[in-house]
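**Q** let me see the structure of the following:
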Amino acid sequence: MHTGGEPVRIVLNLSDRIQGADILAKRRFMSERLDPVRRLLMHEPRGHYDMYGAVLVQPSMPTADLAVLFTHNEGYSTMCGHAVIALARFAVDSGKVPAVAPLTRVGIECPCGLVEALVEIQNGKAGAVQFESVPAFAFALDLPVSVPGIGEIAVDIGYGGAFYAVVAAEKLGVSLDGSLRELVDAATALTQAVRNAIAVRHPIADDLSFLYGSILTDGRDRAADGGSRNVCVFADAEVDRSPTGSGVTARMAIRHAKGLVAPGETCEFESLTGALFSGTVVGQAQLPGHDAVTVRVAGRAHYSGKASWSLEPDDLIGRGFLLH
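**A** Numbering: from 1, shown residues only. Next up, the predicted model:
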């Protein structure tokens, strides 16, 4: 599937092989024992540098309809909004969750926690999807960070299931209408600079305590300014084609912390492909040491095909490689 052009390769037949008492244990199990499968499916020649995957595993939470590990070029992320949108529609279309009009609930157990999605049902078919985040919060606001070749700039850090550094692209001397390579290089430099400046920490789980990437924006942060464009560069310089669901969540948490958006106010976010997500702060949330909020994100996913992959014993190159 894809969500706004961002791929979601849903892996259906590994759930019985991945062990662990909870989703984070399953994430560690796959990372330590089945990582060659990730490389096989994400890397060339079956994937590419910006491929993204969703490996279904057995749920451990009683209210989860399915559980998922998110994979990419570098490893395993903790949350992925674009994949949640695709998985929720897939769960209804595949019959894993019976369709109930007008909205069907799908509980998705993610490494960051349980995410609840609602799938719109029209004429018996699944359509647009909205999901409510795990508790999101602003970790740091206007943090001074020294970026090589740029100098000191003020950066916001938000958590929306994963941690992101957020800054206007122009502060890094680039434009969202410019070269993608320049955007990737600028975002990668920012991510490294923030990692050098501060260690992010989630109050509950150490497995979630890492900076996943950076989001470069058009500088629009108020709902009154209209929709905002952004690009997210995460993992090993991987570019999200969608507006980034967990990134939208983080941006809304930052906006709320700055007093730029009120509960119930909806903002629109656009990616480089023109794909649109909306974000709404729906209320306060409980998280030790943080003024957290719950954010609702909405978008749409589409199918792109089915595949069955294989590997011949003597195919060393076919085990996976990346050219970048």
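
**Q** now do the SS call for residue 232.
**A** Assigned with DSSP: H, G, I helix; E, B strand; the rest coil, residue 232 falls in the strand class.

**Q** identify the bridge partners of it.
**A** residue 215 (DSSP bridges).

**Q** check contacts around it.
**A** 164, 187, 213, 214, 215, 239, 240, 243, 244, 247 (Cβ atoms under 8 Å, 6 or more residues apart in numbering). Yep, even glycine has a C-beta here, placed from its N, CA and C like the rest.

**Q** just these: which are in helices?
**A** Among the contacts of residue 232, the members falling in helices (DSSP state H) are 187, 247.

**Q** of the contacts of residue 232, closest to residue 321?
**A** Residue 321 has its nearest neighbour among these in residue 239, at 18.9 Å by Cβ to Cβ.

**Q** from what I can see that closest one touches residue 231, true?
**A** Yes: contact criterion Cβ atoms under 8 Å: residue 239 and residue 231 qualify, at 6.7 Å.

**Q** neighbours around residue 197, how many?
**A** 16 (other Cβ atoms under 10 Å).

**Q** which residue is the nearest non-sequential neighbour of it?
**A** With sequence-adjacent residues excluded and distances taken as Cβ to Cβ, 6 or more residues apart in numbering, residue 197 is closest to residue 145, at 5.0 Å.

**Q** what's the answer for residue 200, then?
**A** residue 163 (4.5 Å).

**Q** so the residue nearest to residue 197 makes contact with residue 193?
**A** Yes: Residue 145 lies in contact with residue 193 (Cβ under 8 Å); the separation is 5.1 Å.

**Q** ok so, going back, need the residues touching each of residue 239 and residue 231.
**A** Contacts common to residue 239 and residue 231, judged by Cβ under 8 Å, 6+ apart, are 183, 272.

**Q** okay, strands next: where are they in the stretch 151-300 of the chain?
**A** For the stretch 151-300 of the chain, applying DSSP state E, counting those that start in this stretch gives strands covering 151-159, 163-168, 211-217, 228-234, 238-239, 266-270, 276-285, 292-299.
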